[in-house]
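[1] Structure of the sequence below:
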Amino acid sequence: MPSIDTSTALIAPVSVTHDNTYGAAFIGTVVSAILFGVVCAQTYTYLNRYPLDRPFYKILVGVLWVLELVHSILVSHASYFYAITNWGNSLVLLFPPIWSLCVQVILGAIAGAIVKICFAMRVWRFSNGNRLVTGVIIVLALAQLVVACIYATRTLQLESVVVVSRLKVVGSLSLSLGTATDIVTAFALCFFLHGLRTGYSKDDSLVNRLTLYAVNTGILTSAVSVATMILYNLMPDNFIFMALYFVLSKLYANSFLATLNTRRVLRGRGTDAETNTVPTFLMVGKLTKHDNQFQDHVYPPSASRVPQTKEDMLRSQLEVEIEQEVTVTRDSHFEHHDFKNVSFA
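    Coordinates of the predicted model:
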């Protein structure tokens, strides 16, 4: 799109200035680029720290990195168009938005949805397969993705950037769904983690740390989403809310990569994808519905230490749940069944 002749009689609204349009876009682009650098660093760390991780996780990390790379390119393209190509020309805001500014919304929503669904799987594991709560989180994540795509499509059809306020309802709904997803996920993790308390100070300390991490992750993304929604409703005719949205998907990607990279390594290995291996959760027996006896076919007969009480069982279950979440390690050596080998994050 060529530069617009400034000799035209049309003028932009008085509230639109270089600071809250070009300046805001520039700041958002810079912060987004910095966070993408963190994404790259975390991706590199992950690939080096967990070379034997499951292919699914590697593909997922690769997809997120590509999405964030393209998202950064689109954000930079939109910022360059408004801040450089049309520098000092406020009349460009009276024309339809540049395509890259709209498409980046879709890519950011896709990356956010992927991360939210992955966090929903964490809830699934810690809740022992609670379909209701997990389903609610997944539905909310997918709903936000759909609404965000609708918003981006309608934005492309606008005759001017400064009339983006017409889409307040759709935009606010998308951001609200994202905030709701983060809050429900954090609350669910806190609730189900609390149920894993055993009374042992070491185990409960781990639960507290995981709970704090879940809350902090949800608070950060929720705060940015709420701030974006507030600014969008108060000042829809400038780029301040867009600047915040530029960094939102990077926060989701970094939170997911941080979750992968903070897993403890069991005996120097990550989540192995070796053949002929047995998941470590099969190393711990389960209580039957009628008594405190363990199912013999679950716990290997060669194990050197079998929990005998309900308290021991609860502690073992906590260790396995945390190990599945933090290391998800497969172990082919059944002779190592002592619980001291279970690692914690």
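
[2] and residue 221, that one's in a strand?
    No - according to DSSP: H, G, I helix; E, B strand; the rest coil, residue 221 belongs to no strand; its state is helix.

[3] State the distance from it to residue 215.
    12 Å (CB to CB, to the nearest Å). (Glycine included, C-beta is placed from N, CA and C.)

[4] Now do the shared contacts for these two.
    Shared contacts of residue 221 and residue 215 (CB atoms under 8 Å, 6 or more residues apart in numbering): none.

[5] Name the helix or strand for residue 70, please.
    Applying DSSP states H and E as the criterion places residue 70 in helix 55-80.

[6] now for that helix, which elements pack on it?
    helix 24-49, helix 99-126, helix 240-261 (3 or more CB pairs under 8 Å, 6 or more residues apart in numbering; DSSP states H and E).

[7] Of these, which stretch is the most buried?
    Neighbour counts averaged per stretch over the helices and strands packed on helix 55-80 are highest for helix 240-261, at a mean of 23; criterion: mean count of other CB atoms under 10 Å.

[8] Tell me how confident the model is about the helix holding residue 70, as a mean pLDDT.
    Helix 55-80 comes out with an average pLDDT of 94.

[9] the more surrounded of residue 221 and residue 215?
    A direct count of neighbours by other CB atoms under 10 Å for residue 221 and residue 215 places residue 221 higher, at 25 against 14.

[10] distance of the more buried one from residue 140?
    In terms of CB to CB, residue 221 sits 13 Å off from residue 140.

[11] what's the answer for residue 208, then?
    Residue 208 sits at a distance of 27 Å from residue 140 (criterion: CB to CB).

[12] For these two, work out which one has more neighbours and name it.
    residue 140 (23 against 13).

[13] where's the more buried one, which helix or strand?
    Residue-wise, residue 140 maps onto helix 131-156 under DSSP H and E.

[14] Now do that helix: which elements does it pack against?
    helix 99-126, helix 168-194.

[15] May I see the buried residues of stretch 169-182?
    170-182 (16 or more other CB atoms under 10 Å).

[16] Farthest pair within the residues you listed?
    Farthest apart among the buried residues of stretch 169-182 by CB to CB are 170 and 182. That separation is 19.4 Å.

[17] The residue lying closest to residue 175 once chain neighbours are set aside and residue 137: what is the separation?
    Counting by CB to CB, 6 or more residues apart in numbering, residue 229 is the residue found nearest to residue 175 once chain neighbours are left out, at 4.0 Å. Look at residue 229 and residue 137: by CB to CB, they are 20 Å apart.

[18] do residue 171 as well
    22 Å.

[19] Now do the helix holding residue 140 against helix 168-194, angle only.
    Using axes from the mean of the first three to the mean of the last three CA atoms, to 10 degrees, the inter-axis angle of helix 131-156 relative to helix 168-194 is 160 degrees.

[20] quick one, helix 131-156 and helix 240-261 angle?
    Using the same axes, to 10 degrees: helix 131-156 against helix 240-261 is 140 degrees.

[21] shift numbering so it begins at 242
    Got it, the first residue is 242 from now on, which makes the last one we talked about helix 372-397.

[22] Let's test this: mean pLDDT of helix 372-397, rounded?
    Helix 372-397 comes out at a mean pLDDT of 94.

[23] okay but residue 375 is in contact with residue 367, surely?
    No - at 10.1 Å, residue 375 does not count as touching residue 367 under the criterion of CB atoms under 8 Å.

[24] Give me the contacts around stretch 315-322.
    With CB under 8 Å, 6+ apart, stretch 315-322 has contacts from 242, 266-267, 269-270, 273-274, 339, 341-342, 344-345, 348, 487.
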